Structure formats: C-alpha cells, structure tokens
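Undergrad: Any chance you could fold what I've pasted below:
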Amino acid sequence: MADKLIPLAKNLRKQATDTERLVWKHLRAKHFKGLKFRRQQPRGKYIVDFVCLVLRFWDDEVLMNTRGMLEVIRTHCFQPPSPQSPPIKGGGE
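TA: Purely as a prediction, here's the structure:
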C-alpha cells in the first residue's frame with residue numbers, strides 16, 4: 001500500500017501549501033530542538049504531513065535493559081498531550 005502512496009507523497013511535497021511551507025521552515029534540517037522531521041510521509045494507508053521518528057535504542061540497551069527501554073517507549077507514547085491554546089486569529093509566526 002505504501003509503495004502506491006510514495007509518488008503521491010512526492011507530489012504533495014512539491015505542491016506544499018503556504019501553511020505547510022511555514023511549518024517546514026521551522027522543522028527542516030533539525031531546526032526544532034534538534035529533532036529530525038519528515039514531511040508527506042506514507043504511514044499505513046495515509047500520508048501524514050509531518051512526522052518525527054525520535055526513539056532509537058542501541059542493541060545493548062535493548063538486551064541489557066529491556067524493561068527500561070519499554071518504559072521509555074511507554075512514557076513517550078502514553079504521556080498526556082500538553083494543553084493546546086486555540087489558534088491565533090490571523091495566523092502569524
């Protein structure tokens with residue numbers, strides 16, 4: 001399924017909206033807190049606008065501290081989202 005979405009995702013990257021370009025300006029090249037983001041990325045049967053794949057583990061971490069590694073995953077995946085303020089009227093940076 002994802003193979004069929006790749007050409008569409010590439011096309012969406014080329015035809016980004018003004019809003020997407022603004023967000024990408026701040027996220028690209030690890031400008032945001034050193035995190036690596038991807039844009040227009042196939043995920044299952046969808047294409048997500050922006051995604052950050054931040055969790056990585058060394059083999060020895062997995063083998064020697066499996067519980068700790070699972071706790072890190074749990075913390076990142078199940079922590080409550082921070083409250084979001086409503087969008088600012090008129091946009092702006």
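Undergrad: ranges for the strands of the chain?
TA: Ranges of strands within the chain are 37-43, 46-52, based on DSSP state E.
Undergrad: Could you dump those strands into JSON lines with mean pLDDT added?
TA: JSON lines is the format used below for those (pLDDT from 0 to 100):
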{"stretch": "strand 37-43", "mean pLDDT": "92"}
{"stretch": "strand 46-52", "mean pLDDT": "91"}
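Undergrad: mind giving me a markdown table with these and columns for distance to Lys14?
TA: Quick note: C-beta positions are derived from backbone N, CA and C, even for glycine. Converted to a markdown table, these look like this (distance: least, Cβ to Cβ, whole Å):
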| stretch | distance to Lys14 |
| --- | --- |
| strand 37-43 | 9 |
| strand 46-52 | 13 |
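Undergrad: for these, which one sits closest to His76?
TA: strand 46-52 (10.8 Å; Cβ to Cβ).
Undergrad: how distant is the closest one from the center of its chain?
TA: Going by Cα atoms, centre = their mean, to the nearest Å, the spacing between the C-alpha centre of strand 46-52 and its chain's C-alpha centre is 6 Å.
Undergrad: Next: stretch 24-34.
TA: Here stretch 24-34 is found 11 Å from its chain centre; the criterion is Cα atoms, centre = their mean.
Undergrad: tell me which residues of it are tucked away?
TA: Buried residues in stretch 24-34, defined by neighbour count with 16 or more other Cβ atoms under 10 Å: Trp24, Leu27.
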